[in-house]
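Colleague: sequence first, predicted coordinates after that:
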Amino acid sequence: MKQNQLIITTIAGLSLTTPLFADDSAATPAAGSIPAAWQKPVWLTDLSLGVKESYDDNLFLVSGNGLTPQSSWVTTVSPKIGFNFAPLLGDQKNLQTLSLVYAPDFNIYHAAPSQSYDAHKIGDTIKGQAGDFSYSLDNAFLYNDGDHQAEIYGPAGGAGGNAFDQFRNNYAHGVPRERLAQTQDRANVVLQYDWDKAFVRPVATLLDYNMMTDLHNTGTAPWQGYQNYVSRYDVNGGVDLGYKLTPKLAATLGYRYGGNYQQQLPATISPADRHYSSSSYQRVLLGLEGKPWNWLNVKLAGGPDFRDYNYMTPVADRNPVKYYGEAVLTATLTPDQTLTFNYKQQQWVSSTGKIPEFDSTYSLAYHWSATRQLGLDLGGKVLEADYTEGNDYSGATQPSHRDDMEYEVSGGITYAFTTHLSATLAYTYDVGANALNNLPATLGPEYRNFEHQVASLGLQYRF
């Protein structure tokens with residue numbers, strides 16, 4: 001493998017006019033004509049190798065009241081190679097970007113081998129412009145080569161588990177779920193035609209989670225406490241109409257038609273409860289995008305979400321009017337400091353249950369390039385998964401006693417030793433919490449709480 005990589009690298013450095021075989025007179029370079037260090041061709045945008053060592057103190061984000069938190073050292077190896085083929089098309093401006101990036105992560109969990117996995121990430125981008133018409137396609141695809149058996153939180157009341165472990169926080173499932181066998185696909189298509197004061201923009205998006213883990217009937221031995229994960233997706237399309245309030249700021253009015261899909265568990269897996277929460281929706285969105293001031297970049301949209309749930313959805317109202325909103329605001333505080341706020345609220349479907357949730361995410365990220373070599377990153381997140389609109393009376397948590405929170409703070413320092421070699425020291429601390437008051441003890445509210453820490457040190461070499 002190393003020999004093959006060397007051959008590829010050597011050939012990649014040759015221009016199209018460089019002969020692969022030269023005559024003897026060119027075999028020995030003259031004095032002073034030794035070639036300079038190898039330079040990436042313009043179409044090779046990324047070529048790097050990263051190695052990171054992490055310590056995770058709670059792999060399954062358990063509360064510790066029932067199951068004991070399990071920790072592990074984690075080694076991650078991350079090569080990356082990226083191409084932009086647009087420069088090979090010559091001097092033209094219609095196609096600006098034609099990129100392909102492969103960036104896998106090979107993760108080894110030393111104290112928990114079943115959690116080791118390889119994440120194969122492929123990204124591609126197509127962007128271009130012809131006069132007043134512009135277009136872009138972004139796609140990020142992930143294939144996880146991980147375990148096909150999900151975690152078992154212990155039989156209720158049995159050895160290694162607790163009767164309340166089934167009530168754990170929604171966000172406790174997210175971290176171990178992302179290590180399992182699955183594919184994920186995220187795609188965005190944007191077309192835009194501009195006039196002097198207005199524009200029209202057809203758009204389409206896809207978010208797909210295809211779980212490849214085994215399903216088991218958790219009511220029968222030995223699968224009590226096993227976690228079933230279902231596949232789900234969101235797809236929508238529509239159009240935005242924009243009016244330029246200033247040369248740098250536009251107001252938008254948009255419409256979306258789409259749907260959420262949630263896999264229904266087979267009757268052999270969940271014979272008593274046949275609920276699932278697939279739905280279609282229409283959205284009307286008011287937005288603002290651009291620069292109200294030179295130091296602030298904004299993109300936000302929000303409005304009503306008219307939902308139509310299938311007849312098997314465990315909710316009292318199958319045609320509710322919900323709210324959808326999203327925003328990204330980036331403030332350039334100084335030439336070396338930026339502050340970015342992200343926000344999103346939407347009606348969504350769970351990977352672990354049958355009831356739809358109202359999902360909220362708020363995040364704040366600060367970056368400071370202190371010197372040419374030293375960078376500092378600080379961040380914070382607040383997440384909420386609210387399931388209280390459900391009325392699934394066939395389950396033990398009837399009707400739906402769940403409103404889960406997660407709070408996260410993080411920090412990182414990056415130091416560039418050279419233009420090629422850098423190191424990053426990072427730390428993340430997050431806690432899970434129950435947001436419902438006066439829950440009875442039979443629903444184990446304390447089992448919704450958890451603490452989780454990850455510390456890491458990584459090195460990256462960019463060629």
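Modeller: Alright, I've got the coordinates. Residues are numbered from 1 along each chain as shown.
Colleague: what about the helices in this structure?
Modeller: Secondary structure of the chain (DSSP state H): helices at 2-12, 170-177.
Colleague: worst mean pLDDT among those helices?
Modeller: Lowest mean pLDDT within these: helix 2-12, at a mean of 31.
Colleague: what about the chain, any weak spots by pLDDT?
Modeller: Low-confidence segments of the chain, defined by pLDDT under 70: 1-37, 154-166, 393-398.
Colleague: one more time with 90
Modeller: 1-42, 63-68, 89-93, 152-169, 173, 218-226, 272-273, 352-354, 389-402, 436-448 (pLDDT under 90).
Colleague: roughly how far apart are the residue nearest to Tyr229 when sequence neighbours are not counted and Glu178?
Modeller: Excluding the flanking residues, the one nearest Tyr229 by CB to CB, 6 or more residues apart in numbering is Met211, at 4.6 Å. Where C-beta positions appear, they are placed from N, C-alpha and C, glycine not excepted. For Met211, the distance to Glu178 equals 11 Å [CB to CB, to the nearest Å].
Colleague: residues touching the residue nearest to Ser279 when sequence neighbours are not counted, list them.
Modeller: Distance criterion CB to CB, 6+ apart; nearest residue to Ser279, sequence neighbours excluded, is Tyr309 at 4.4 Å. Residues counted as contacts of Tyr309 (CB atoms under 8 Å, 6 or more residues apart in numbering) are 277-279, 315, 318-319, 356.
Colleague: and those residues, which of them are buried?
Modeller: Buried subset of those (neighbour count, 16 or more other CB atoms under 10 Å): 277-279, 315, 356.
Colleague: list just the nearest of these to Thr340.
Modeller: Nearest to Thr340 among the buried ones among the contacts of Tyr309 is Pro356, at 29.2 Å by CB to CB.
Colleague: tell me who's in contact with that closest one.
Modeller: Applying CB under 8 Å, 6+ apart, the residues contacting Pro356 are 260, 262, 277, 279, 309, 313, 315, 347-350, 387, 389-390.
Colleague: run through the bridge partners of Ala187.
Modeller: Asn139, Leu206 (DSSP bridges).
Colleague: quick check: it touching Leu206?
Modeller: Yes - under the criterion of CB atoms under 8 Å, Ala187 makes contact with Leu206 at 4.3 Å.
Colleague: pull up the overlap in contacts between these two.
Modeller: Counting by CB under 8 Å, 6+ apart, no residue touches both Ala187 and Leu206.
Colleague: can you show me the strands along the stretch 151-300 of the chain?
Modeller: For the stretch 151-300 of the chain, applying DSSP state E, counting those that start in this stretch gives strands covering 182-194, 198-211, 232-246, 249-262, 279-293, 296-309.
Colleague: any chance of those in a markdown table, plus distance to Val62?
Modeller: Listed next are those as a markdown table, based on distance: least, CB to CB, whole Å:
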| stretch | distance to Val62 |
| --- | --- |
| strand 182-194 | 22 |
| strand 198-211 | 21 |
| strand 232-246 | 24 |
| strand 249-262 | 25 |
| strand 279-293 | 32 |
| strand 296-309 | 32 |
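Colleague: nearest to Gln460, of those strands?
Modeller: Nearest of the strands of the stretch 151-300 of the chain to Gln460, taken as CB to CB: strand 182-194 at 23.8 Å.
Colleague: please identify the buried residues of that closest one?
Modeller: Residues of strand 182-194 classed as buried: 182, 184-185, 187, 189-190, 192, 194 (neighbour count, 16+ other CB under 10 Å).
Colleague: list the contacts of it.
Modeller: Residues from elsewhere that reach strand 182-194, judged by CB under 8 Å, 6+ apart: 132-144, 146, 199-213.
Colleague: now a PyMOL select for only the buried ones of those residues.
Modeller: In PyMOL, a selection of the buried entries from the contacts of strand 182-194 looks like this (16+ other CB under 10 Å):
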select buried, resi 134+135+136+137+138+142+143+144+146+199+201+203+204+205+206+207+208+209+211+212+213
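Colleague: not counting its neighbours along the chain, what's nearest Ala172?
Modeller: Leu61 (3.8 Å).
Colleague: isn't the one you found right next to Gln453, touching?
Modeller: No - using CB under 8 Å, Leu61 is not in contact with Gln453; the gap is 10.8 Å.
Colleague: can you redo the contacts of Pro356 as CSV with distance to Lys40?
Modeller: Formatted as CSV, these follow (distance: CB to CB, whole Å):
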residue, distance to Lys40
Asn260, 43
Gln262, 45
Ser277, 48
Ser279, 48
Tyr309, 52
Thr313, 52
Val315, 54
Gln347, 45
Trp348, 41
Val349, 43
Ser350, 44
Tyr387, 50
Glu389, 53
Gly390, 53
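Colleague: now the end-to-end length of stretch 369-376.
Modeller: Terminal residues of stretch 369-376 lie 6 Å apart, using CA to CA, to the nearest Å.
Colleague: which parts of that stretch are buried?
Modeller: Result for stretch 369-376 [16+ other CB under 10 Å]: buried residues Gly375.
Colleague: could you do stretch 267-277 as well?
Modeller: By 16+ other CB under 10 Å, the buried positions in stretch 267-277 come out as 269-270, 275-277.
Colleague: alpha carbons of it, as PDB, please.
Modeller: Output of stretch 267-277 as PDB, limited to C-alpha atoms (Å, rounded to 0.1, in the frame of the first residue of the first chain):
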ATOM      1  CA  ALA A 267     -44.700  -6.700  13.900                       C
ATOM      2  CA  THR A 268     -42.300  -9.400  15.000                       C
ATOM      3  CA  ILE A 269     -40.200  -6.800  16.800                       C
ATOM      4  CA  SER A 270     -42.900  -4.600  18.200                       C
ATOM      5  CA  PRO A 271     -46.100  -6.700  18.100                       C
ATOM      6  CA  ALA A 272     -48.100  -4.600  20.600                       C
ATOM      7  CA  ASP A 273     -47.300  -1.100  19.500                       C
ATOM      8  CA  ARG A 274     -47.600  -0.400  15.700                       C
ATOM      9  CA  HIS A 275     -47.200   3.400  15.900                       C
ATOM     10  CA  TYR A 276     -44.800   5.500  13.700                       C
ATOM     11  CA  SER A 277     -44.800   9.200  12.900                       C
END
